[in-house]
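>>> next come a sequence and a model predicted from it.
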Amino acid sequence: YQRRVHGTFADVKDPMLLTRIGRDAGRRWKSLAACTTAGFAFSFGLLYAKEKDSKLPTYALEEVQKHCNMEDRVWVTFKGSVYDMTDFAPGHPGGTGRVLMAAGGDLEPYWTIYTQHLRGHILPWMQRYLIGYLREEDVPKAKDFQFPNPYVNDPPPSPYLLTNTACPYNAESPVARLTDSYITPIPLHFVRNHCHVPDIDAKEYELTIDGAGVTPTTLTLEDLKTKFPKYEVVSVIQCNGNRREDYHMLLGDGQPAYGPPHWVAGAISNAKWGGCRMRDVLNYCGLDVDAMALNQKDLPGITDVQLEGHDMDELGNHYSASIPLDKAIDPFGDVLLAYEMNEQTLPRSFGYPVRCLVPGNAGARNVKYIKNITLAKGGPAGNWKQYALHAPDVTIEKIAEFNHHKAELEKDPIVQEMPVQSIICTPSANTVFGANVDSISVKGIAWGGGGSAINRVDVSLDGGKHFTRAELYKPIKQRRNREWGWYHFSKDLPIPDPVKEQIRSGKVVDLELTSKALNGSWNSQPERPEPYYNAHGVCVNHWYRVPVTIDPSKADTTKPTGGFGNAPSGGKFKSPFLNFNKP
């Protein structure tokens, strides 16, 4: 009835343990969903039992059902409690539509699919929206419906990845495998989804281009392949929220990292992408991209290229994002409409049949299943928020109630180019070395962000008190400010004599391997996370720390087993990291 979870115990009420039964029986979501439906019916009652506030009113289900839109307020129920989520709806990480689809009803049928809500911090945070309770006889009625799982036809999850959220499927690369090869193999490339994966017939695929300065045009996949030259670009894609778990409960005041996925460290990969350039397509549609790139022409007031995908939520809201127009038309920007990945047809999980590749920029701007390209002023309005890096004193309450704080929040521009990053891939956190170790071989990946090179990576085995230069490896040549691909770094760190003396005396010694990268502009990763904390958990790039131990009583090296597979900086999770599978 108990299992080990990162040094703490979680009993059978852990919903992720229950859902893993379905995954072991078969990897397809239909099997997983069948299991979770039964498992959560049991676990919900254990996790969320609480005493009622006698001062709050009791409502009939008919009254709750009247509050099903933003005009009439958005009420939901859960385990007999009634919540008014109206103010929160515009700030919901999954988009307003995901709150509206539950409006007037109970959350339990939805949360059996969207299990990321069950980590433990969501419901306590929701108590600020508690307005009353459901009549006792209405509690079973409120959840007496089945939410059709829109993810049952998604591609099966990769057995090589670490699943952060099952629905939508978000899974990170095991960082220990990222230095196996310079190009990340497709099965090891992290997967980011915002919605269920659309099933698109390539023969019927169409891309529309419209907006200011272009002639409205519709192109097929065959058009993209035959009317425009093909280019290949080796580029990292890193999710804007990679390493978000480092910010979970960071400040010690109970503030969780806002929004899933709680990426640990592996939402970064490096692949070769093939397709046509977006600037060539815009030029074909009548935009004089060369004159604009040379600042000889302008589109007054037009700043962005809005990108809309075929993927959509349950209410039909398509995922959308935007990139600067200057990036799209830049002859050195290498923005692609990609239909190949690692010299293969683009797989479904990665945007088949066509996705955007926006090298150097946040992963969210690399819109998959691209449906529409629009030249406009500003980013797309509506369901999906594009995250910005806010000041440390901007709380999750402000982000959650976006409309109330819109003027303040929109002062910060959305994240486009990413900052410098490095991650130690091996050894893994909490590895135990035996007495005969003379040196520790450190390997990792580093990326300059925004097209910048990596000038140097420094590594340390004493938490950064003493650094030394690592060796860099990059087997391809990329031009200045177009260094889209990552670097590998490596270094054998000799065990210092004082540490050897401790080992010989039989003492167990703890070491902290640390990396910091300096990019082509000599911008360095910050030492600590606190000064750069932001509630969204984006652009997380402080020094990456890997604790290891030398135990003279051990003959061989012991790698950590169980748990998630990746670890946050420092090697420990601040709260149990519930997940579906191990690598």
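Looks like it arrived, so ask away. Numbering: from 1, shown residues only.

>>> from the chain's centre, how far out does stretch 101-113 sit?
Stretch 101-113 has its C-alpha centroid displaced from the chain centroid by 23 Å (Cα atoms, centre = their mean, to the nearest Å).

>>> ok, residues contacting it?
33, 36-37, 40-41, 44, 64-69, 74-79, 85, 117-118, 142-143, 145-147, 149, 151, 167, 313-315 (Cβ atoms under 8 Å, 6 or more residues apart in numbering). (C-beta placed from N, C-alpha, C; glycine too.)

>>> end-to-end on that stretch?
13 Å (Cα to Cα, to the nearest Å).

>>> and the gap between the residue lying farthest from the centre of the chain and L461?
Centroid-distance maximum for the chain: S505 at 45.3 Å, with Cα atoms, centre = their mean. Separation of S505 from L461 (Cβ to Cβ, to the nearest Å) stands at 19 Å.

>>> for the protein, what are the low-confidence residue spans?
Across the chain, the ranges flagged by pLDDT under 70 are 1-50, 253, 578-583.

>>> for Y169, list the residues it contacts.
Neighbouring residues of Y169 by Cβ under 8 Å, 6+ apart: 29, 151, 154-155, 157, 163, 191, 193, 197, 349.

>>> next, the buried residues of stretch 248-257.
Buried positions in stretch 248-257, judged by neighbour count with 16 or more other Cβ atoms under 10 Å: 248, 250, 255-257.

>>> correction: stretch 389-406
389-390, 394, 396-402, 405.

>>> about what we covered before: going by distance to I122, which of the buried residues of stretch 248-257 wins?
Nearest to I122 among these, counting by Cβ to Cβ, is P256 at 8.1 Å.

>>> what about that closest one, which SS state?
Under DSSP: H, G, I helix; E, B strand; the rest coil, P256 falls in the coil class.

>>> so for it, what's the nearest residue that isn't a sequence neighbour?
Of all residues not flanking P256 in the chain, H121 sits nearest, at 4.2 Å (Cβ to Cβ, 6 or more residues apart in numbering).

>>> one step back: could the buried residues of stretch 248-257 be laid out in JSON lines, adding distance to A555?
Listed next are those as JSON lines, based on distance: Cβ to Cβ, whole Å:
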{"residue": "H248", "distance to A555": "37"}
{"residue": "L250", "distance to A555": "38"}
{"residue": "Q255", "distance to A555": "44"}
{"residue": "P256", "distance to A555": "42"}
{"residue": "A257", "distance to A555": "40"}
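
>>> widest-spaced pair of those residues?
Spatial extent of the buried residues of stretch 248-257 (Cβ to Cβ) is set by the pair L250 and P256 at 9.5 Å.

>>> now do the shared contacts for the two.
If you check L250 and P256 against Cβ under 8 Å, 6+ apart, no residue is contacted by both.

>>> can you pull the contacts of T426?
For T426, the contacting residues are 176, 179, 441-444, by Cβ under 8 Å, 6+ apart.

>>> distance check, it against T549.
For T426, the distance to T549 equals 15 Å [Cβ to Cβ].

>>> same check, this time on R119
In terms of Cβ to Cβ, R119 sits 28 Å off from T549.

>>> around D290, count how many other residues there are.
For D290, the neighbour count with other Cβ atoms under 10 Å is 13.

>>> quick one: it is in a strand?
No - with three-state DSSP as the criterion, D290 is assigned helix and is not in a strand.

>>> from here on, count from 24
Taking 24 as the first residue, the last one we looked at is D313.

>>> buried residues in stretch 396-410, which are they?
Of the residues in stretch 396-410, 396-399, 402-403, 406-410 count as buried by neighbour count, 16+ other Cβ under 10 Å.

>>> using the three-state scheme, assign V390.
When classified by three-state DSSP, V390 comes out as coil.

>>> tell me the contacts of the residue lying closest to it once chain neighbours are set aside?
Once flanking residues are discounted, V390 sits nearest to L330: 4.1 Å by Cβ to Cβ, 6+ apart. Neighbouring residues of L330 by Cβ under 8 Å, 6+ apart: 343-346, 379, 388, 390, 393, 395-396.

>>> can you tell me the element L330 falls in?
Using DSSP states H and E, L330 sits within strand 327-335.

>>> partners of that strand in the sheet?
strand 341-347 (antiparallel), strand 393-399 (antiparallel) (DSSP bridges).

>>> and T581, which of the ones you listed is closest to it?
Ranking the strands paired with strand 327-335 by their distance to T581 (criterion: Cβ to Cβ) puts strand 341-347 first, at 43.1 Å.

>>> residues in contact with that closest one?
Here strand 341-347 has contacts from 217-218, 326-335, 358, 379, 381, 384, 387-388, 390-391, 394, 401-403, 405-407, 409, 437, 439, using Cβ under 8 Å, 6+ apart.

>>> now the buried members of the residues you listed.
217-218, 327-335, 358, 379, 381, 384, 387-388, 390-391, 394, 402-403, 406-407, 409, 437, 439.

>>> how far away is P554 from P415?
For P554, the distance to P415 (Cβ to Cβ) stands at 7 Å.

>>> first-to-last residue distance for stretch 482-502?
Taking Cα to Cα as the measure, stretch 482-502 stretches 26 Å from start to finish.

>>> er, stretch 245-253 actually
Stretch 245-253 stretches 12 Å from its first residue to its last (Cα to Cα).

>>> equivalent analysis for stretch 496-508, please.
Start and end residues of stretch 496-508 are separated by 11 Å (Cα to Cα).

>>> can you mark which positions in it are buried?
497, 501, 504-508.

>>> G585: which of the residues you listed is nearest?
Using Cβ to Cβ, G508 comes nearest to G585 of these, at 33.4 Å.

>>> that closest one and V259 touch, don't they?
Yes - G508 lies in contact with V259 (Cβ atoms under 8 Å); the separation is 6.3 Å.

>>> need the overlap of contacts for these two.
N293.

>>> count of residues packed around the residue nearest to N542 when sequence neighbours are not counted?
Of all residues not flanking N542 in the chain, G471 sits nearest, at 3.7 Å (Cβ to Cβ, 6+ apart). Counted by other Cβ under 10 Å, the residues lying close to G471 total 29.

>>> where do the helices of the stretch 174-323 of the chain begin and end?
Ranges of helices in the stretch 174-323 of the chain, per DSSP state H, counting those that start in this stretch, are 244-249, 301-307, 312-316.

>>> ok, now the stretch 374-523 of the chain?
With DSSP H, counting those that start in this stretch as the criterion, the stretch 374-523 of the chain has helices at 419-423, 429-432, 520-527.

>>> between those, which one is closest to G117.
helix 419-423 (12.5 Å).

>>> those strands in the stretch 74-223 of the chain, which residues are they?
81-82, 98-101, 104-107, 153-157, 185-188, 193-195 (DSSP state E, counting those that start in this stretch).
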